[in-house]
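Asks: need coordinates for the below:
(chains A and B)
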Amino acid sequence: MELDSLKYVWRTLEAAPASESGPDEIHALLQRRSGGIVTRMRRNLTGELILIAATYTPAILFYFLDFEGRLSGIAWLFILLLTMLAVYFYRKNQLLKAMQCTGCSLYSNLRQQITTLKIYIKFYVWSGTIMIPVMFILSWLIIRWKFPAAPGADLFYQLSGTPWWQHPLIWAVFLIPVTVGIYFVNLWYVHRLYGRHIRKLQDLLQEMEEE
Amino acid sequence: MKLVQEHRFLLYKVCRLYCFTEADRQDLFQEIVIQLWKSYPGFRGDSKFSTWLYRIALNTAISDLRKQGRRPSTTSTSEIPPSLPDMTSPGEEEQQLQQLYAAIARLSDVEKALVMLYLEDKPYEEMEEIMGINQNNLRVKMNRIREKLRKMTKEAAYGIR
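Replies: A predicted model of the protein is given here:
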């Protein structure tokens, strides 16, 4: 097979499908949802944001209004967490926006996708890892502040005459393995989601760079 | 919309190269049209419209890996389909084209893009603009692809020359 001899055939025979797209069909296509990977990632992110807002809002209202407002501190904690999550969602959205440059050359677009996706993955893993112990510590601090335990009331509240939660060592012993575990779970999950995609992009880039 | 209409055959060809079922082709066509629509406000006319169009179409086809699992392997000669499923084979030219598509189906995504641009008779300067690969490297790659296609068709005994 000689490519040059096929140029004419290629240019004269069209690859039109059985039913061609007229202006109405093209207009209808534009009304449909995009199935591109980045668009889907952004849609999922919006879904997560809505879910978080829908979960946190009733909780915030509950702690503000119930218990005669004595637990409003917890509501403020939730607002603080919501603010942190807003920053997290904003950053992720910015990265997703920057992920594709379809009007750029194939090489530039691939490089940009790989670089941005790597930053996205790193951010996903680290923010997911840090957020859990931060949430946990803040929750416990506010619970302990609002519900101080009677000394000696519980084996877990007392250790050598001091409430156990005041011992940084105990917190470290408990939180370090949990945080490390969460880090690895996040790492596994993010590579399960995007690992194949990023490998494929890297292979393509490598192929383009080869001389 | 008018521009998409005018260049729809180019888009069909891209879909034909990168997808192997009618449903996948329709999905890809839709995705390319959406990307064109979204990117058009950013088209400043620095390059030819066709260059920009090829970039959008090929970037979308290559980056969009949704149907990856359903794509045929690019390694086994025995897997070369004799023809694409919904094509008729009336004349010799059509038959040649079917063989070409069958052979191209086994190339990598980057090689497919290069073959398409080559068959469209794009000069190396424009190919460089679209692909982002320098012309010397493009020439080397094209020679390798030609050789690869010759070898593949020989192995599969499709119209050996």
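
Asks: how many neighbours does the closest residue to residue A:120 other than its chain neighbours have?
Replies: Distances taken as C-beta to C-beta, 6 or more residues apart in numbering or on different chains place residue A:95 nearest to residue A:120, at 4.6 Å, with adjacent residues excluded. In short, each C-beta sits where N, CA and C put it, glycine included. Other residues within reach of residue A:95, judged by other C-beta atoms under 10 Å in any protein chain shown, total 19.

Asks: and the helix or strand containing residue A:95, what does it pack against?
Replies: Here residue A:95, judged by DSSP states H and E, is contained in helix A:72-97. Here helix A:72-97 touches helix A:37-65, helix A:106-146, going by 3 or more C-beta pairs under 8 Å, 6 or more residues apart in numbering or on different chains; DSSP states H and E.

Asks: in a markdown table: the ones you listed, plus mean neighbour count and mean pLDDT.
Replies: Converted to a markdown table, those look like this (neighbours: other C-beta atoms under 10 Å in any protein chain shown; pLDDT from 0 to 100):
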| stretch | mean neighbour count | mean pLDDT |
| --- | --- | --- |
| helix A:37-65 | 14 | 90 |
| helix A:106-146 | 17 | 85 |
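
Asks: what residues does residue A:175 make contact with?
Replies: A:133, A:136-137 (C-beta atoms under 8 Å, 6 or more residues apart in numbering or on different chains).

Asks: domain map for chain B?
Replies: Residue ranges for the domains of chain B, per automatic domain parsing: B:1-71, B:74-161.

Asks: tell me which of the ones you listed sits most buried.
Replies: Here the criterion is mean neighbour count by mean count of other C-beta atoms under 10 Å in any protein chain shown, and of those the winner is domain B:1-71, at a mean of 18.

Asks: for chain B, see how far away the residue nearest to residue A:120 is.
Replies: 16 Å (C-beta to the nearest C-beta, to the nearest Å).

Asks: I'd like the distance between that residue and residue A:47.
Replies: 17 Å (C-beta to C-beta, to the nearest Å).

Asks: before we move on, what about residue A:61?
Replies: Residue A:61 is 22 Å from residue A:47, by C-beta to C-beta.

Asks: repeat that for residue B:140.
Replies: From residue B:140 to residue A:47 the distance is 46 Å (C-beta to C-beta).

Asks: for stretch A:67-83, buried residues please.
Replies: Using 16 or more other C-beta atoms under 10 Å in any protein chain shown as the test for burial, stretch A:67-83 gives A:71-72, A:74-75, A:77-78, A:81-82.

Asks: with only the CA atoms kept, save the top helix by length along chain B in CSV.
Replies: In chain B, assigned by DSSP state H, the helix with the most residues is helix B:135-155. Written as CSV, here are the backbone C-alpha positions of helix B:135-155 (Å, rounded to 0.1, in the frame of the first residue of the first chain):
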residue,chain,number,x,y,z
GLN,B,135,9.2,19.3,10.3
ASN,B,136,12.4,17.1,10.3
ASN,B,137,10.8,14.9,12.9
LEU,B,138,7.6,14.8,11.0
ARG,B,139,9.4,13.6,7.8
VAL,B,140,11.1,10.9,9.8
LYS,B,141,7.8,9.8,11.3
MET,B,142,6.0,9.8,8.0
ASN,B,143,8.7,7.6,6.4
ARG,B,144,8.3,5.2,9.3
ILE,B,145,4.6,5.2,8.9
ARG,B,146,4.8,4.5,5.2
GLU,B,147,7.1,1.6,5.9
LYS,B,148,4.8,0.3,8.7
LEU,B,149,1.8,0.4,6.4
ARG,B,150,3.6,-1.4,3.7
LYS,B,151,4.7,-4.1,6.1
MET,B,152,1.3,-4.4,7.7
THR,B,153,-0.5,-4.8,4.4
LYS,B,154,2.1,-7.2,3.2
GLU,B,155,1.7,-9.3,6.3
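
Asks: want to throw the buried residues of stretch A:67-83 into CSV with distance to residue A:208 and pLDDT?
Replies: Listed next are the buried residues of stretch A:67-83 as CSV, based on distance: C-beta to C-beta, whole Å; pLDDT from 0 to 100:
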residue, distance to residue A:208, pLDDT
A:71, 58, 76
A:72, 58, 83
A:74, 54, 80
A:75, 53, 86
A:77, 50, 83
A:78, 48, 86
A:81, 43, 86
A:82, 43, 89
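
Asks: out of the residues you listed, the closest to chain B would be?
Replies: Chain B has its nearest neighbour among the buried residues of stretch A:67-83 in residue A:82, at 30.6 Å by C-beta to the nearest C-beta.

Asks: OK, contacts around the closest one?
Replies: Contact partners of residue A:82, counting by C-beta under 8 Å, 6+ apart, are A:52-53, A:56, A:60.

Asks: residue in chain B nearest to chain A?
Replies: Residue nearest to chain A within chain B: residue B:132 (2.9 Å; C-beta to the nearest C-beta).

Asks: mind checking pLDDT for the residue nearest to residue A:120?
Replies: Here the pLDDT value assigned to residue A:95 is 92.

Asks: ok, it - contacts?
Replies: So residue A:95 contacts A:116, A:119-120, A:123 (C-beta under 8 Å, 6+ apart).

Asks: can you do 10 Å?
Replies: Contacts here follow C-beta atoms under 10 Å, 6 or more residues apart in numbering or on different chains; on that basis residue A:95 touches A:38, A:41, A:45, A:116-117, A:119-121, A:123-124.

Asks: again, but for residue A:132
Replies: Residue A:132 touches A:175, A:178-179, A:181-183, A:185-186, counting by C-beta under 10 Å, 6+ apart.

Asks: where does the prediction get shaky in chain B?
Replies: B:1, B:65-90, B:156-161 (pLDDT under 70).

Asks: helices or strands up against the helix or strand hosting residue B:16?
Replies: Using DSSP H and E, the element containing residue B:16 is helix B:8-18. Judged by 3 or more C-beta pairs under 10 Å, 6 or more residues apart in numbering or on different chains; DSSP states H and E, helix B:8-18 is in contact with helix A:3-12, helix B:22-39, helix B:49-63, helix B:92-104, helix B:109-119.
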